[in-house]
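Novice: just coords:
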Ligand code: BES
Ligand code: ZN
Ligand code: ZN
């Protein structure tokens, strides 16, 4: 479902037009209006008085003489407008076009020197258009009717602007990588095994010039990765540790390391999850998928940066060979983990990945994980939880989130909490001692393995799936590929 965004000074003959309109705007004053033919203009003038653009509803105008469609998409109040609102309006437009079976439409790009006529703004517009054009249909046969997807969007402007064009181009790349991340997360656990995830990373990244090295069980054994190996023990699927290197920055520049949780299915292990909680746990590799596709975005954007991606991939299963509550695992760092709950498996595999990251002498390590249900309880489903050791990283990541739509909100990371994850028979316990502050306990646990570099932890459990009213297909939301791509561009 790729979308081409093409650039023109006038729309193709009879192509459907999308009018984005602020509350109170006059349709007849819209910059695309004069591209309508005389009869169409008359028709629009006749019906426009019935319009009120306060809601989110798209109005579809059907030109009686020419059968051309004009979609009027409300932008809300001009004073309240933002990049995020523009992104949402773009999704609404694309979804409305798809519903109308429109495969091509044109919209107007203003180039009059306004504050929003920037590359970043149009990157958001394009990425959201692409995200709204996605549906997880790999497993559907559509005996009746296949869904329609938009194939081309024409950007119409008086004077094509190179910066905006570049924004649109980048937005398409970031949107496509977000969608491939969603596709990966949505893939059922039976098909998305640790090996399948590794194979996908190789296929997606090698052609882009990213080195991909997949560590086998034997290699992990010799590295002493008792965390990854411990969690993997209950599954028939062998674990994989995916190492991706994109070194296009200066030789001496320290890399940014991205670490993603790659639990391809999380049953909870012997601390088996109840049915309702198991349901979406094939998406427990969403952090890993986001890391793989943020790297793909970086490579396609040809960033001159050194970037490393690490994804420990395991399946968390109950069986006769599962790791048990009470087991003590020796991690690559040398520290031991006392397993209090086999369902807190993400932090156990990430401990080894955070240690492995040290070998790159990183300038920054960012881990991305569907780590805790508690983060969802704390924040709802709109913001991922952000934990970091440095205030300026907190500010930077909140800004990347606000600019791209991959929202993040800080929770405390303080040494006071370390007491709560101290082990009795091992160094660190993989679960807190009370039922409070679960997201913080997860973060503080990871911190014990991330003390040698600047570090950001994103608990993306809140943003694992799309929600009602986001104008996105059901299923994986693709967070935080957009944030990571922006971060890699700017940091
Ligand atoms: N993968 C889950 C967290 C999760 C829950 C992600 C819901 C997305 C949606 C994680 O491995 C887990 O089970 N965490 C436990 C930790 C607890 C046992 C300390 C949790 O959150 O309950
Ligand atoms: Zn779990
Ligand atoms: Zn999990």
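Specialist: Looks like it arrived, so ask away. All values derive from a computational prediction rather than experimental measurement. Ligands and ions are numbered 1, 2, ... in the order given.

Novice: now whatever residue of the stretch 1-150 of the chain ends up closest to ligand 3, nearest residue through space, not along the chain?
Specialist: Here the residue of the stretch 1-150 of the chain nearest ligand 3 is residue 136; by C-beta to the ion that distance is 20.7 Å. (C-beta placed from N, C-alpha, C; glycine too.) Leaving aside its sequence neighbours, residue 136 sits nearest to residue 186 (C-beta to C-beta, 6 or more residues apart in numbering; 4.4 Å).

Novice: which residues touch that neighbour?
Specialist: Contacts of residue 186 were listed using C-beta atoms under 8 Å, 6 or more residues apart in numbering, and they are 136, 138, 282, 283, 475, 476.

Novice: same check on residue 450?
Specialist: By C-beta under 8 Å, 6+ apart, the contact set of residue 450 is 354, 357, 365, 367, 457.

Novice: from residue 364, how far out is it?
Specialist: Separation of residue 450 from residue 364 (C-beta to C-beta, to the nearest Å): 11 Å.

Novice: anything in contact with each of those two?
Specialist: In contact with both residue 450 and residue 364: no residue, using C-beta under 8 Å, 6+ apart.

Novice: packing partners for whatever helix or strand residue 403 lives in?
Specialist: Using DSSP states H and E, residue 403 maps to helix 391-404. Where contact means 3 or more C-beta pairs under 8 Å, 6 or more residues apart in numbering; DSSP states H and E, helix 391-404 is packed against helix 119-131, strand 384-388, strand 408-410, strand 455-459, helix 481-490.

Novice: quick check: the closest residue to residue 188 other than its chain neighbours vs residue 186, distance?
Specialist: Once flanking residues are discounted, residue 188 sits nearest to residue 282: 5.4 Å by C-beta to C-beta, 6+ apart. Using C-beta to C-beta, residue 282 is found at 8 Å from residue 186.

Novice: hang on, the earlier thing: for the helices and strands packed on helix 391-404, give me TSV that also has distance to ligand 3.
Specialist: Listed next are the helices and strands packed on helix 391-404 as TSV, based on distance: least, C-beta to the ion, whole Å:
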stretch	distance to ligand 3
helix 119-131	25
strand 384-388	15
strand 408-410	19
strand 455-459	11
helix 481-490	19
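
Novice: and of those, who's closest to residue 83?
Specialist: The minimum distance between residue 83 and the helices and strands packed on helix 391-404 falls on helix 119-131, with 4.6 Å, by C-beta to C-beta.

Novice: ranking the helices and strands packed on helix 391-404 by burial, who's on top?
Specialist: Mean neighbour count (mean count of other C-beta atoms under 10 Å) peaks for strand 455-459 among those, with a mean of 28.

Novice: now that one against strand 384-388, angle please.
Specialist: 160 degrees (axes from the mean of the first three to the mean of the last three C-alpha atoms, to 10 degrees).

Novice: run me through the strand neighbours of strand 455-459, direction for each.
Specialist: Strand 455-459 has its sheet partners listed here by DSSP bridges as strand 364-369 (parallel), strand 384-388 (antiparallel).

Novice: and the next element down the chain from the longest one?
Specialist: Elements were assigned by DSSP H and E; along the chain past strand 364-369, the next helix or strand is helix 373-379.

Novice: how about the helices in the stretch 251-400 of the chain?
Specialist: Here the stretch 251-400 of the chain has its helices, by DSSP state H, counting those that start in this stretch, at 275-278, 286-300, 346-356, 373-379, 391-404.

Novice: okay, those in CSV with distance to ligand 2 and mean pLDDT next?
Specialist: Formatted as CSV, the helices of the stretch 251-400 of the chain follow (distance: least, C-beta to the ion, whole Å; pLDDT from 0 to 100):
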stretch, distance to ligand 2, mean pLDDT
helix 275-278, 9, 97
helix 286-300, 13, 99
helix 346-356, 6, 99
helix 373-379, 9, 98
helix 391-404, 25, 98
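
Novice: including mean neighbour count, could those helices go into CSV?
Specialist: Below are the helices of the stretch 251-400 of the chain laid out as CSV (neighbours: other C-beta atoms under 10 Å):
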stretch, mean neighbour count
helix 275-278, 11
helix 286-300, 29
helix 346-356, 28
helix 373-379, 19
helix 391-404, 18
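
Novice: how far off centre is the longest helix seen in the chain?
Specialist: Longest helix in the chain by number of residues (criterion: DSSP state H): helix 162-186. Here helix 162-186 is found 10 Å from its chain centre; the criterion is C-alpha atoms, centre = their mean, to the nearest Å.

Novice: got it, and stretch 191-200?
Specialist: The mean C-alpha position of stretch 191-200 is separated from the chain mean by 19 Å, C-alpha atoms, centre = their mean.

Novice: before we move on, the earlier item: so for the longest helix of the chain, mean pLDDT?
Specialist: Across helix 162-186, the average pLDDT comes to 98.

Novice: show me what counts as buried in it.
Specialist: For helix 162-186, the neighbour count (16 or more other C-beta atoms under 10 Å) marks 164-165, 167-186 as buried.

Novice: from the contact counts, what lies against the helix or strand just after that helix?
Specialist: For helix 162-186, the following helix or strand on the C-terminal side (DSSP H and E) is helix 194-205. Contact analysis of helix 194-205 by 3+ C-beta pairs under 8 Å, 6+ apart lists helix 162-186, strand 211-215, strand 240-247, strand 262-266, helix 286-300, strand 306-316 as its packing neighbours.

Novice: mind listing residues that contact the second one?
Specialist: The list of residues contacting strand 211-215 from outside it, by C-beta under 8 Å, 6+ apart, reads 198, 201-202, 205-206, 223, 240-247.

Novice: which parts of this structure sit against ligand 3?
Specialist: By the rule C-beta under 5 Å from the ion, the part of the chain lying against ligand 3 is 263, 266, 284, 346.

Novice: reformat these as CSV; add distance to residue 89.
Specialist: CSV is the format used below for those (distance: C-beta to C-beta, whole Å):
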residue, distance to residue 89
263, 36
266, 36
284, 32
346, 36
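
Novice: out of those, which is nearest to ligand 2?
Specialist: Of all those, ligand 2 sits closest to residue 266, with 4.4 Å by C-beta to the ion.

Novice: residue contacts, that closest one?
Specialist: Going by C-beta under 8 Å, 6+ apart, residue 266 touches 273, 278, 281, 284, 316, 343, 345, 346.

Novice: so it bridges to which residues?
Specialist: Going by DSSP bridges, residue 266 forms beta bridges with residue 316.

Novice: kindly provide the distance from it to residue 246.
Specialist: Taken as C-beta to C-beta, the span from residue 266 to residue 246 is 28 Å.

Novice: show me where the stretch 1-150 of the chain has its strands.
Specialist: Secondary structure of the stretch 1-150 of the chain (DSSP state E, counting those that start in this stretch): strands at 4-8, 17-22, 59-62, 69-76, 104-108.

Novice: and those: which comes nearest residue 463?
Specialist: Short answer: strand 69-76, nearest of the strands of the stretch 1-150 of the chain by C-beta to C-beta, at 23.2 Å.
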